[in-house]
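1. Next input, structure requested:
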Amino acid sequence: AAAAAEAAGRAMVTQPTRGPKFDQLCDLFLKAAASAPEAAVPIEAYVMADQSSASQDPILPTGAPASARQPLPWPDVAAYPPTYRLVLRPKFAPWPLALTPSPAVGSTKLCLFCAHRGTPNAMSEPHTAMVCTGAGAGAEALVMLDVRADGTMEVLANSASEARRLVEACVAPRVVSTDFQVLSDGWRRDGRPAEAFALLVQHEWRLRRDERVRAARERQEAAGRKQRRAAEMVSWLGTLDLDALAPLLLKEGLDLESLPLLHEPDLERLGVADLGERRKLIGACRARSQYLALEEAVAGLQAEKLVLQKANDAEHAARLCAVQEASEARDTAGGLAAELRAERERREVLEDAMAAQAVELEEERATAQKWLKQARALAADAEAVQAQLRSFTDSQRASVRDSKDGLRLGLANLLDGVRQPDDAAPSRRLGVGGKRDG
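-> Coordinates of the predicted model:
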């Protein structure tokens, strides 16, 4: 059964297109894998011929804008090769599950799967999963381990043995197999698992193909450099009439860089029997080394000359800039000096005007002092006059008061004198005599 499954898997790789032949091979593999726990499908079987191009990769590169995502129309479910699926659910409440893949598992990375309109069935919800590549020996294996929040683990792989080995290597040692309930264990072609795993393989295949293309390009460039060095050595030996030694030297992997390191015994061991050819080759190598050293020295001198020239140019430019700045500073200083002179003249004019105003103010102050003295004298005279007026007024008022009192007294006496004769008349009629009061 294991041999039949392996043969069916290898035959799938030879079918670049999906058709009845491919379906027959998948059915044969499913029948054989049912009794072969070590069954595995080669990675190449998951890559379709029309999806091997990088421009048609359904998994787009990281950072690509959403507008640039043009996924391929997904083939029918029957077009996917069989995928091994193992689903384990804890028999009790979830515990702190620690996944610690050992170095023997292979390269491991945490992947984020995002849903998009091109995959209506596969990976319909965004989720994370641990992807291991290159696990185990023999056939190349790719394993995706998805752990849900409730502790359920879903493993998708192209190798049943590598999937089980990854679970055993990642789960903590204290967790035994009896702690899980096996919900699914087997190969299948339909549903989300087969589609999701096929998309993952196509993405990884593109990445690896790019690496292979890059490595092939580097190898081609290295081979081209080696051919150019060989052609240079052959051409150089031709100028020395030693082109017959070219095959012997190229056979030993020598070039113009390693030739100067050879000595005469080395050439003898290589089979250069002619002493003249050996001496001529060694002398030419020394001369070439000296010439290259001289060229390097000349190149260094030229580089130094360029550096000095650039420094001189920079210094000349700095001088010109300094001269220009000095000229501008001189012009600015001249303008400032002219403005300063004009300002000084204006200040002198202002000082003269202020001096004249000060003289005028002094004269006005003297005049004011004079008028102030006169005003004070007038005020003193006015006060004296007022005092005299008050004294005169007081004396007049006293004189008037005395006159008024004298007049009042005289009037009173007069009135008294007038009343007394009227009072004395009856007494004389009654015979009472007396002198009249004057």
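2. pLDDT averaged over the lengthiest helix in the chain - what is it?
-> Ordering each helix of the chain by length in residues (DSSP state H) puts helix 275-429 first. Throughout helix 275-429, pLDDT has a mean value of 87.
3. and it, what does it pack onto?
-> Here helix 275-429 touches helix 264-270, going by 3 or more Cβ pairs under 8 Å, 6 or more residues apart in numbering; DSSP states H and E. Heads up, the C-betas are built off the backbone N, CA and C, glycines and all.
4. what about the helix it packs on, average pLDDT?
-> Helix 264-270 shows a mean pLDDT of 85.
5. Any buried residues in it, and which?
-> Judged by neighbour count (16 or more other Cβ atoms under 10 Å), helix 264-270 contains these buried residues: Leu267, Leu270.
6. Please tell me how far that helix is from the chain's geometric centre.
-> The gap between where helix 264-270 is centred and where its chain is centred comes out at 62 Å by Cα atoms, centre = their mean, to the nearest Å.
7. And for stretch 26-38?
-> The answer for stretch 26-38 is 55 Å, by Cα atoms, centre = their mean.
8. I'd like to check what contacts it. Which residues are they?
-> Contacts with stretch 26-38, where a contact means Cβ atoms under 8 Å, 6 or more residues apart in numbering, come from 1-2, 4-5, 8-9, 12, 39, 41, 81-82, 84, 159-161, 186-187, 189.
9. Please convert the buried members of these into ChimeraX selection syntax.
-> Filtering the contacts of stretch 26-38 down to the buried ones (16+ other Cβ under 10 Å) takes a single ChimeraX command:
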select :4,5,8,9,12,39,41,81,82,84,159,160,161,187,189
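10. Can you tell me which of the contacts of stretch 26-38 end up in helices?
-> Judged by DSSP H, helices contain the following of these: Ala2, Ala4, Ala5, Ala8, Gly9, Met12, Ala160, Ser161.
11. The first one reaches Gly9, doesn't it?
-> No - with the criterion set as Cβ atoms under 8 Å, Ala2 and Gly9 do not qualify as a contacting pair; they are 10.6 Å apart.
12. tell me, what's touching these two both at once?
-> Listed as contacting both Ala2 and Gly9 by Cβ under 8 Å, 6+ apart are Ala39.
13. that older thread, among the ones in helices among the contacts of stretch 26-38, which two are most distant?
-> Pairwise distances across the ones in helices among the contacts of stretch 26-38 (Cβ to Cβ) peak at 18.4 Å, for the pair Met12 and Ser161.
14. Using a markdown table, lay out the ones in helices among the contacts of stretch 26-38 together with distance to Val201.
-> Below are the ones in helices among the contacts of stretch 26-38 laid out as a markdown table (distance: Cβ to Cβ, whole Å):
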| residue | distance to Val201 |
| --- | --- |
| Ala2 | 22 |
| Ala4 | 23 |
| Ala5 | 18 |
| Ala8 | 18 |
| Gly9 | 13 |
| Met12 | 13 |
| Ala160 | 16 |
| Ser161 | 18 |
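15. For the residues you listed, could you give me JSON lines that also reports pLDDT and distance to Asp381?
-> Below are the ones in helices among the contacts of stretch 26-38 laid out as JSON lines (pLDDT from 0 to 100; distance: Cβ to Cβ, whole Å):
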{"residue": "Ala2", "pLDDT": "79", "distance to Asp381": "151"}
{"residue": "Ala4", "pLDDT": "85", "distance to Asp381": "154"}
{"residue": "Ala5", "pLDDT": "82", "distance to Asp381": "148"}
{"residue": "Ala8", "pLDDT": "84", "distance to Asp381": "149"}
{"residue": "Gly9", "pLDDT": "82", "distance to Asp381": "145"}
{"residue": "Met12", "pLDDT": "82", "distance to Asp381": "144"}
{"residue": "Ala160", "pLDDT": "86", "distance to Asp381": "141"}
{"residue": "Ser161", "pLDDT": "84", "distance to Asp381": "141"}
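16. For the stretch 51-200 of the chain, which residues score under the pLDDT cut-off?
-> 51-79, 93-139, 171-177 (pLDDT under 70).
17. now with 90?
-> 51-83, 85-186, 188-200 (pLDDT under 90).
18. Give me the nearest residue to Trp205, chain neighbours excluded.
-> Closest residue to Trp205 in three dimensions, ignoring its sequence neighbours and counting by Cβ to Cβ, 6 or more residues apart in numbering: Val47, at 4.9 Å.
19. and Asp27, that one's in a strand?
-> No - with DSSP: H, G, I helix; E, B strand; the rest coil as the criterion, Asp27 is assigned helix and is not in a strand.
20. how many neighbours does it have?
-> The tally of other residues near Asp27 (other Cβ atoms under 10 Å) stands at 13.
21. The chain should start at 21 in everything you say after this.
-> Understood, numbering begins at 21; the last thing we discussed is Asp47.
22. count of neighbours near Leu381?
-> Number of residues near Leu381 (other Cβ under 10 Å) recorded here: 12.
23. From Arg366, how far out is it?
-> In this view, Leu381 and Arg366 are 22 Å apart by Cβ to Cβ, to the nearest Å.
24. about what we covered before: now do the residue nearest to Trp225: how many residues are near it, please.
-> 20.
25. residues touching it, list them.
-> Contacts of Val67 (Cβ under 8 Å, 6+ apart): Val221, Gln222, Trp225.
26. 10 Å - rerun?
-> Val33, Pro36, Pro101, Ala218, Val221, Gln222, Glu224, Trp225, Arg226, Arg229 (Cβ atoms under 10 Å, 6 or more residues apart in numbering).
27. just the buried members of those residues?
-> Neighbour-count burial (16+ other Cβ under 10 Å) is assigned, among those, to Val33, Pro101, Ala218, Val221, Gln222, Glu224, Trp225, Arg226.
28. Let's see the pLDDT reported for the fourth one.
-> By that I understand Val221. Taking Val221 on its own, its pLDDT is 79.
29. likewise the last one?
-> Note on Arg226: pLDDT of 77.
30. One more: the one 5 residues further on?
-> The predicted local distance difference test score for Glu231 is 78.
31. same check, this time on Gly39
-> 77.
32. Next: the one 10 residues further on.
-> pLDDT, the model's per-residue confidence, is 87 for Phe49.
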